[in-house]
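> got a predicted structure plus its sequence, pasted below:
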Amino acid sequence: MALSYLRSSSSRSANLLKPLSSGLSLRSPISTDTTPITVETSVPFTSHRCDAPSRSVETNPKELLTFFRDMALMRRMEIAADSLYKAKLIRGFCHLYDGQEAFAVGMEAAITKKDCIITAYRDHCTFMGRGGTLLEVFAELMGRQAGCSKGKGGSMHFYKKDSNFYGGHGIVGAQVPLGCGLAFAQKYSKDETVTFAMYGDGAANQGQLFEALNISALWDLPAILVCENNHYGMGTAEWRAAKSPAYYKRGDYVPGLKVDGMDALAVKQACKFAKEHALKSGPIILEMDTYRYHGHSMSDPGSTYRTRDEISGVRQERDPIERIRKLILSHDLASEKELKDIEKEVRKEVDDAITRAKESPMPEPSKLFTNVYAKGLGVESFGADRKEVRATLP
Amino acid sequence: MLAISRQRILGQSFQKIRPAVPGLRSYSSAAKQITVREALNSALDEEMSADPKVFLMGEEVGEYQGAYKITKGLLEKYGPERVLDTPITEAGFTGIGVGAAYYGLKPVVEFMTFNFSMQAIDHIINSAAKSNYMSAGQISVPIVFRGPNGAAAGVGAQHSQCYAAWYASCPGLKVLSPYNSEDARGLLKAAIRDPDPVVFLENELLYGESYPVSDEVLDSSFCLPIGKAKIEREGKDVTITAFSKMVGYALKAAEILEKDGIYAEVINLRSIRPLDRSTINASVRKTNRLITVEEGFPQHGVGAEICASVVEESFAYLDAPVERIAGADVPMPYAANLERMAVPQVEDIVRAAKRACYRSVPLAATA
């Protein structure tokens, strides 16, 4: 996708830094250009028991365009899932991530696929960030064979073990001790990698989180606990659920950092900092100040406990994709039209994936009985009427 | 087979409490005797030695040498990276154990008693048991949860519950419960080697009991199959199923019944899930009568499942209704006399077996 073009007089936002060198008459191909650019984060980091990293983040055109494309893809995917749910092709629970995309892409930019990630049920975009495909997402949401869990998991149970993505968990807070366990195993195996255990502001009050954090600190585990603070635990605002909503400080003896979670570059900087810290000194908490445009799930309109003005306000002032778009335009890395073309491409990709996902069949009836055990020992399992339906577990 | 016949000949002496002198050979037998404690300890030791991914975690398992000394000597041998003392935070450390298993390690998590497993039960069921299914085989969980289960002596209601029925109802878990030293060694080794989450229900009162073990059992490669019950004593008149401590009681009951001309077949379940329905049903088809024995609460218990299974598969063979002997349907009392009434005694099993046997025999014929 090598592009070369003349500098255009596209509109630039006045609020962002101009590129340090602006004397080029021809832009280099943006998709492979790794010329360093330094950008300041939207706000400085706030720290607890540690020295905050610098506000100046190094990036490059390739990375910024990748951020734009990936976030646009995630955004489109979640909106398409909304439509599929309303069309009753997706059943049960569906928790959408639109608004929060900057965290998924910023984190991936700072780590490798050997680092582990575990999250709760708002997992579609996290799965994509780990290398999952649109087909696997839509097919799983619709309960089809081509789904990442072959249709047997559903929205809350996406996994991708080959890129160290461990789900996808429905029980609020449970993923945090599990994530600390992954970190334990990484340390035990001397892998020099870390685990990012993500949770929400709602889960931040869970007791098991503090139990796991205590053990992680005692045993110096390379665990990074990330609170994706979208300010609402289902319908309960943070100030109604937490006596102290300063989640980055809640680790007490564990250092913490508060980050603008809508700024992908700030996220990347924080995750890089956290990984270095965790490998050297044990657990750290990152609090991502973020926002979800949708309600808690598709059953929640999301407007009974927050005002539409608040939602549209965040969309206008802090949208993560718009931030990157403005950055790209102000640095002359692409034209508005090129970015719109990317969005069109992404839309088409999503539509194509949905078409293919719809063609994927539902699982065979015999699959009811597979994977109950890794080693079934030839025992019998039963259907609702055990005289009618029995199976031998392999 | 040799081990079984030795056990029958020496049946009386096994059930007494022996002084805990390891390796002392009984003058009446050539077989070595080891306590259940030694059996569990040696199994853990051997499996940790064979596979560096196996590690132990729990309260007091390291420096204290184990609350019941099951993990004695292991910290010294394997070091603090593989034998981990945890704070008293079951939810947290069980979750950590399951997460480590997701990554591919093989944790053995000890609950000081299974009563405390209730603090962590979400991780056992939702994080461990269901993961292989929800992920369509991507995430297997090779973890063992072990510890004493059921009643001890005088520890009261909160420390005496039997969890066999609860855990065994859950697809995705395997639930084992050893009786003697051979069971303890073979089943624990099988549990550690198994790629699925295993709940391993021991019994505190059996830890100090000695049982004979053959050379085969003492070999480090020894392993028992999961899902297979053992016929501890053959008989033709009535089948008695039991697990853990109740196997000893069932065997004593069988001795007593023999004097009245009733030959009981005692089945040591060993595996609560998978349940060895074929061995149980084959036995009932032979004897036509069934007594199920368990220590736990009666409603929705292990015996209820066995009874249903036999009624479904071998109804025509039953000559009497299935009898259940279980713990009393009350929280465990403290006073010694009430506690005695709250758990099955040998005479309860004998009485139930006689009830089952006299159904089709007119009373006059017993004279």
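Perfect, I can see it now. Numbers count the residues shown, from 1 in each chain, chains lettered A, B, ... in the order given.
> residue 236: how many residues sit nearby?
Defaulting to chain A. Residues near residue A:236, counting by other CB atoms under 10 Å in any protein chain shown, number 15. In this view, the C-beta of every residue, glycine as well, is placed from N, C-alpha and C.
> looking at chain B here, not the other one
Neighbours of residue B:236 (other CB under 10 Å): 13.
> how is the chain divided into domains?
Unless you meant another one, I'm taking chain A. Taking the TED database as the criterion, chain A consists of the domains A:37-363, A:364-393.
> to clarify, I was referring to chain B.
Chain B breaks down into these domains under the TED database: B:33-218, B:230-357.
> which one, of those domains, ends up nearest to chain A?
Proximity to chain A (CB to the nearest CB) singles out domain B:33-218 among the domains of chain B, at 2.0 Å.
> so for the closest one, mean pLDDT?
Averaged over domain B:33-218, pLDDT sits at 98.
> ranges for the helices of the stretch 51-200 of chain A?
Here the stretch 51-200 of chain A has its helices, by DSSP state H, counting those that start in this stretch, at A:61-86, A:101-110, A:124-129, A:134-141, A:175-188.
> and chain B, which of those is closest to it?
Relative to chain B, the nearest member of the helices of the stretch 51-200 of chain A by CB to the nearest CB is helix A:175-188, separated by 2.0 Å.
> what's the closest one packed up against?
When contacts are defined as 3 or more CB pairs under 8 Å, 6 or more residues apart in numbering or on different chains; DSSP states H and E, helix A:175-188 sits against strand A:116-118, strand A:195-200, helix A:207-218, strand A:223-229, helix B:90-103.
> can you pull the poorly scored residue ranges out of the stretch 201-350 of chain B?
Regions of the stretch 201-350 of chain B meeting the criterion pLDDT under 70 are absent.
> neighbours of the residue of the stretch 1-150 of chain A found nearest chain B, how many?
Closest contact between the stretch 1-150 of chain A and chain B, by CB to the nearest CB, is at residue A:150 (3.8 Å). Neighbouring residues of residue A:150 were enumerated by other CB under 10 Å; the total is 22.
> quick check: closest non-adjacent residue to it.
residue B:136 (3.8 Å; CB to CB, 6 or more residues apart in numbering or on different chains).
> which bits of the stretch 1-150 of chain B sit near chain A?
B:55, B:81, B:84, B:86-87, B:89, B:91-105, B:122-123, B:126-127, B:131-140, B:142 (CB under 8 Å from any CB of the partner chain).
> switch the cut-off to 6 Å
Selection of the stretch 1-150 of chain B residues close to chain A by CB under 6 Å from any CB of the partner chain yields B:89, B:91-92, B:95-96, B:98-100, B:102-103, B:105, B:122, B:126-127, B:132-140.
> for the closest residue to residue A:140 other than its chain neighbours, report the pLDDT, please.
Closest residue to residue A:140 apart from its sequence neighbours, by CB to CB, 6+ apart: residue A:147 at 2.9 Å. What the model reports for residue A:147 is a pLDDT of 98.
> next: residue B:358.
pLDDT recorded at residue B:358 is 84.
> now it: how far from residue B:261?
12 Å (CB to CB, to the nearest Å).
> which of these two has more residues huddled nearby?
Between residue B:358 and residue B:261, residue B:358 has the larger neighbour count (other CB under 10 Å), namely 14 against 9.
> contact residues of the stretch 151-300 of chain B facing chain A?
B:171-172, B:195-196, B:226-227, B:274.
> again, only using 10 Å
With CB under 10 Å from any CB of the partner chain as the criterion, the stretch 151-300 of chain B meets chain A at residues B:171-174, B:193-197, B:225-228, B:271, B:273-278.
> tell me which of those residues fall in strands.
Of these, the ones assigned to strands by DSSP state E are B:174, B:271, B:273.
> contacting residues for the residue nearest to the second one when sequence neighbours are not counted?
Translated: residue B:271. Leaving aside its chain neighbours, residue B:271 sits nearest to residue B:227 (4.9 Å; criterion: CB to CB, 6+ apart). By CB atoms under 10 Å, 6 or more residues apart in numbering or on different chains, the contact set of residue B:227 is A:376-379, B:174, B:176, B:190, B:270-271, B:273-279.
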